[in-house]
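Novice: predicted model and sequence below, questions to follow.
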Amino acid sequence: MNLAPLLPYLPSAEVLPLLDKWLKDEAFDLAVHKPRATKLGDFRPPRKGARAKITLNSNLGKYQFLTTLVHEIAHLKVWNAYGRKAAPHGVEWKTMFGQMLLEMADQCDFPKEYRSAILNHAARPKSAVGGDPQLQKVVLQLDSDEHILLLGDLKPGALFTFKGRRFKKLEKRRTRALVEEVGSKKQYTIPLVAQVDAAE
């Protein structure tokens, strides 16, 4: 498979030989998709008469794109090895994804904060990058010229804006925060890895 068309979406060309090695024996289609609100990318097993498919959103930053691509390639490789015997984010996928992240950290010259974050993530892979606040913040920071603030960075009582609305953070839950909209006093939960802006 010719991976050169992916270059504009990747942090550097040095990841191409590794991607090529992982994919050389795999049969699948790859598509860069218009942005979707609910997912960064996905893997679809082959249907009758069709090949497996990986899709990624076109609006991802380069490190977010790479991390998501490796996540989906792990799904492809596990599917081709185990079929329906392996759970989507089960032990086989976690092992595969973890090994791929370790190999990438070893062979590519990444910024030290990204290398550290993927090594940490490799030890306990999550079903989504958003499940690992450290990796999520590093990826967003590397893909942006501005300082990144996540909801999880704020202390209880802090005011912030999210999607054009003002909120107050009330308390931290496991992966989300209970928040109250300023004005309406309605309460919601928002993921701790949501990108927010501080408000006075």
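Specialist: Now that the structure is in, tell me what you want to look at. Just so we're clear, the structure is a prediction, and the values are computed from it rather than from any experiment.

Novice: check which element follows the lengthiest helix in the chain along the chain.
Specialist: In terms of residue count, the longest helix belonging to the chain (DSSP state H) is helix 62-82. Once helix 62-82 ends, the next helix or strand along the chain (criterion: DSSP states H and E) is helix 91-107.

Novice: quick one: that next one to helix 62-82, angle?
Specialist: Here helix 91-107 runs at an angle of 130 degrees relative to helix 62-82 (axes from the mean of the first three to the mean of the last three C-alpha atoms, to 10 degrees).

Novice: quick one, helices of the chain?
Specialist: Under DSSP H, the chain gives helices at 16-23, 62-82, 91-107, 112-123, 133-142.

Novice: kindly reformat those as JSON lines and extend each row with mean pLDDT.
Specialist: Output for these, formatted as JSON lines (pLDDT from 0 to 100):
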{"stretch": "helix 16-23", "mean pLDDT": "94"}
{"stretch": "helix 62-82", "mean pLDDT": "95"}
{"stretch": "helix 91-107", "mean pLDDT": "96"}
{"stretch": "helix 112-123", "mean pLDDT": "96"}
{"stretch": "helix 133-142", "mean pLDDT": "91"}
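
Novice: mind checking which of these is nearest R174?
Specialist: Across the helices of the chain, R174 has its closest neighbour in helix 133-142 (11.7 Å, C-beta to C-beta). Just so you know, the C-beta spots here come from the backbone N, C-alpha and C atoms, and that holds for glycine as well.

Novice: ok now the longest helix of the chain, how far from the chain's centre?
Specialist: The chain centre lies 10 Å from the centre of helix 62-82; the measure is C-alpha atoms, centre = their mean, to the nearest Å.

Novice: then stretch 57-77?
Specialist: 7 Å.

Novice: now stretch 36-45
Specialist: Centroid separation for stretch 36-45 versus its chain: 11 Å, with C-alpha atoms, centre = their mean.

Novice: what does stretch 12-27 give?
Specialist: Using C-alpha atoms, centre = their mean, the offset of stretch 12-27 from its chain centre is 19 Å.

Novice: same check, this time on stretch 81-94
Specialist: Its chain's C-alpha centre and that of stretch 81-94 lie 19 Å apart, by C-alpha atoms, centre = their mean.

Novice: who's in contact with that stretch?
Specialist: With C-beta atoms under 8 Å, 6 or more residues apart in numbering as the contact definition, stretch 81-94 has outside contacts at 74-75, 78-79, 124-125, 127.

Novice: same thing with stretch 15-29?
Specialist: Contact with stretch 15-29 is made by 1, 3-4, 6-7, 10, 51-54, 66, 69, 73, 76-77, 80, 100, 103-104, 107-108, as judged by C-beta under 8 Å, 6+ apart.
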